[in-house]
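J.: Predicted model follows, preceded by the sequence.
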Amino acid sequence: MAFLFNSDAARGAIFREIFARELPDLQFVGPGQPVDPDKVRYLLTWTVPADISRYRNLEVLFSIGAGIDQFKQDSVPEPVAVVRMVEDGIIRMMQEYVTLGILTLHREMLAYRELQKQCAWQPLAVPQAARRRIGFLGLGILAQAAIERLKPFQFPLAGWSRSKKQIDGVTCHHGTDGLAAFLAETDILVCLLPLTDETRGILNADLFSQLPAGARLLHVGRGAHLDQTALIEALDHGRLAAAMLDVTDPEPLPAEHPLWQHPKVAITPHIASVTQPETAAHSVIENIRRHLAGKNLIGLVDRTRGY
Ligand code: GLV
């Protein structure tokens, strides 16, 4: 029985060592290493390899990342289970980045960046955290972990998800009907949605028009959630006050793109949260053990929903 690791060599070396220790009976196969394709039961990758149908006995396809939107679903044979990466490293990094982003937007750091360019010593008014309402679009594992970190600041916390959720200390909205009420009470909107056909382009002019004037956007989902032209318009017309983007479309964002120079925009190059090989290897091993024992997999994707 074999595990095929189809990602970068540096992370592969760490995975290999941990797998050798924890699952010595499972053959660990790195990229380009020979393997009898019939032995491959597990595959870890970022994109679906073109020759996936060679692995006739493949049972689980693991994404190396938290998202699985990069998988062309119809290229994955039907009986194969698809699993997204749920691991402590990704979760912790997302908690850090969301906290950083919320505080950056709350404390006007983008406006101060511009004032600093003018050597202008100019304090700006800031509401108390208890009066700055934070709203999460998407209430999955990463959003819920970030929410836990934000609680001590005393921001009012709300969230919206496709299906109904209940989270301590969070005003939860759901479904198409719940979106307008959620947006109307959100001063800083955090996008942590999965990218699906339903959420593609969701951050658009119509959605921005439903936020309170001067709202802010923290985007840590996927570039394709966002209509970038609509964002620039909303910022230029004062509907939105600032945006922090960790994802763009395309990536990398071309040097001539107006978002780079926009005074109300901060951009980071898709680094909010990155799979950490030490913790990720243990998560994948745990899932392989669960699979061998016939138990439910952590992060199993509902292939009809797409996340
Ligand atoms: C990064 O965006 C990931 O999916 O892990």
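T.: Looks like it came in fine.

J.: which parts of the stretch 1-150 of the chain sit against the ligand?
T.: Gly65, Ala66, Gly67 (CB under 6 Å from any ligand atom). C-betas here are computed from N, CA, C, even on glycine.

J.: now these in TSV, with neighbour count, pLDDT and secondary structure?
T.: As requested, these are exported to TSV (neighbours: other CB atoms under 10 Å; pLDDT from 0 to 100; DSSP: H, G, I helix; E, B strand; the rest coil):
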residue	neighbour count	pLDDT	secondary structure
Gly65	18	97	coil
Ala66	22	96	coil
Gly67	16	95	coil
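
J.: mind listing what the residue of the chain at minimum distance from the ligand touches?
T.: Closest approach between the chain and the ligand, counting by CB to the nearest ligand atom: Gly65, at 2.8 Å. Applying CB atoms under 8 Å, 6 or more residues apart in numbering, we find Gly65 in contact with Trp46, Arg84, Met85, Thr275.

J.: Can you tell me the SS state at Ala13?
T.: Here Ala13 is recorded as helix under DSSP: H, G, I helix; E, B strand; the rest coil.

J.: go on, the one 5 residues further on?
T.: Three-state call for Ile18 (three-state DSSP): helix.

J.: that older thread, biggest separation within the contacts of Gly65, which pair?
T.: The most widely separated members of the contacts of Gly65 are Trp46 and Arg84, with 11.7 Å between them, by CB to CB.

J.: more crowded one of these two?
T.: Arg84 (22 against 15; other CB atoms under 10 Å).

J.: Not including adjacent chain positions, what is the nearest residue to the more buried one?
T.: Nearest-residue entry for Arg84: Gly299, 4.5 Å, with adjacent residues in sequence omitted and distances by CB to CB, 6 or more residues apart in numbering.

J.: Contact partners for the spatially most central residue of the chain?
T.: Geometric centre of the chain, nearest residue: Gly221, 4.6 Å, by CA atoms, centre = their mean. By CB under 8 Å, 6+ apart, the residues touching Gly221 are Leu137, Gly138, Cys191, Leu192, Leu193, Pro194, Leu195, Thr199, Val247.

J.: which SS state does the fifth one fall under?
T.: Recorded secondary structure, Leu193: coil (three-state DSSP).

J.: same question for stretch 69-80, mean pLDDT?
T.: Taken as a whole, stretch 69-80 carries a mean pLDDT of 90.

J.: now the strands for this protein?
T.: 2-6, 27-29, 40-45, 60-63, 81-83, 134-137, 157-161, 171-174, 188-191, 215-219, 240-245, 265-267 (DSSP state E).

J.: Any chance of JSON lines for these, columns distance to Leu259 and mean neighbour count?
T.: Formatted as JSON lines, the strands of the chain follow (distance: least, CB to CB, whole Å; neighbours: other CB atoms under 10 Å):
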{"stretch": "strand 2-6", "distance to Leu259": "32", "mean neighbour count": "22"}
{"stretch": "strand 27-29", "distance to Leu259": "41", "mean neighbour count": "19"}
{"stretch": "strand 40-45", "distance to Leu259": "30", "mean neighbour count": "21"}
{"stretch": "strand 60-63", "distance to Leu259": "27", "mean neighbour count": "23"}
{"stretch": "strand 81-83", "distance to Leu259": "32", "mean neighbour count": "20"}
{"stretch": "strand 134-137", "distance to Leu259": "20", "mean neighbour count": "27"}
{"stretch": "strand 157-161", "distance to Leu259": "25", "mean neighbour count": "22"}
{"stretch": "strand 171-174", "distance to Leu259": "29", "mean neighbour count": "18"}
{"stretch": "strand 188-191", "distance to Leu259": "15", "mean neighbour count": "25"}
{"stretch": "strand 215-219", "distance to Leu259": "11", "mean neighbour count": "25"}
{"stretch": "strand 240-245", "distance to Leu259": "7", "mean neighbour count": "24"}
{"stretch": "strand 265-267", "distance to Leu259": "5", "mean neighbour count": "18"}
